[in-house]
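Student: next input, structure requested:
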Amino acid sequence: MNARKLLLPLLVLGIAAATPARAADDDKVPYWASVDTDIANLRVGPGDSYRIDWVYRRPHLPVKVLRREGPWRLIEDPDGAKGWMRDLLLSRQRAGLVKDGGLIEMHAAGSSASPMLWRIEPGVVGMLGACKDGWCGFDTAGHKGFVREDAVWGTGAP
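Tutor: As a prediction, the model looks like this:
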């Protein structure tokens, strides 16, 4: 019976000690995220009382999270605009946006020697897969393949 009384506090203490380490990993910025809703407000400050500066109507738009303040995130969009957005409007799922500069090619594999599947216009948004050797998995509206990493905003280190 005494061993049980001693074991329970140690177990609780062990769980409590492990929790901050995991939370600290979640706090690291910058990181990539994507807009996770059909409509998302970008505010000039971290709170509902701040003016709305921009309204995004583009689900899966990639953003870079620069800072955290409570439930608010300071983000940067592909055009370089910065502002505050609620964490509930964002997903950690990686997305990418085809950069300006003309059509890019989507290939069947991560190589320019593989068959070309589609040409994608600048501004197209897609979900990113793993990136390796300069190529990333890319899925836009069910069209899946590989694109050059340097042709997409939202790849690499944030």
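Student: for V55, give me its contacts.
Tutor: Contact partners of V55, counting by CB atoms under 8 Å, 6 or more residues apart in numbering, are I39, A40, N41, L42. From N, CA and C alone the C-beta is placed, and that goes for glycine too.
Student: same question, G123
Tutor: Counting by CB under 8 Å, 6+ apart, the residues that G123 touches are L97, V98, D100.
Student: contacts for the helix or strand where the first one lies next, please.
Tutor: Secondary structure from DSSP states H and E places L97 in strand 95-98. With contacts defined as CB under 8 Å, 6+ apart, strand 95-98 is touched by 34, 60-62, 78, 104, 120-128, 136, 138, 147, 151-155.
Student: please repeat the previous calculation with a cut-off of 10 Å.
Tutor: By CB atoms under 10 Å, 6 or more residues apart in numbering, the surrounding residues in contact with strand 95-98 are 32-36, 58-63, 77-79, 104, 106, 120-129, 131, 136-140, 147, 149, 151-155.
Student: if we can go back for a sec, can you lay out the contacts of G123 as a markdown table showing pLDDT, distance to W72 and neighbour count?
Tutor: Formatted as a markdown table, the contacts of G123 follow (pLDDT from 0 to 100; distance: CB to CB, whole Å; neighbours: other CB atoms under 10 Å):
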| residue | pLDDT | distance to W72 | neighbour count |
| --- | --- | --- | --- |
| L97 | 98 | 23 | 23 |
| V98 | 98 | 29 | 24 |
| D100 | 95 | 30 | 9 |
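Student: of those, which is the nearest to P115?
Tutor: Nearest to P115 among the contacts of G123, counting by CB to CB, is V98 at 19.4 Å.
Student: where does the protein dip in pLDDT?
Tutor: 1-27 (pLDDT under 70).
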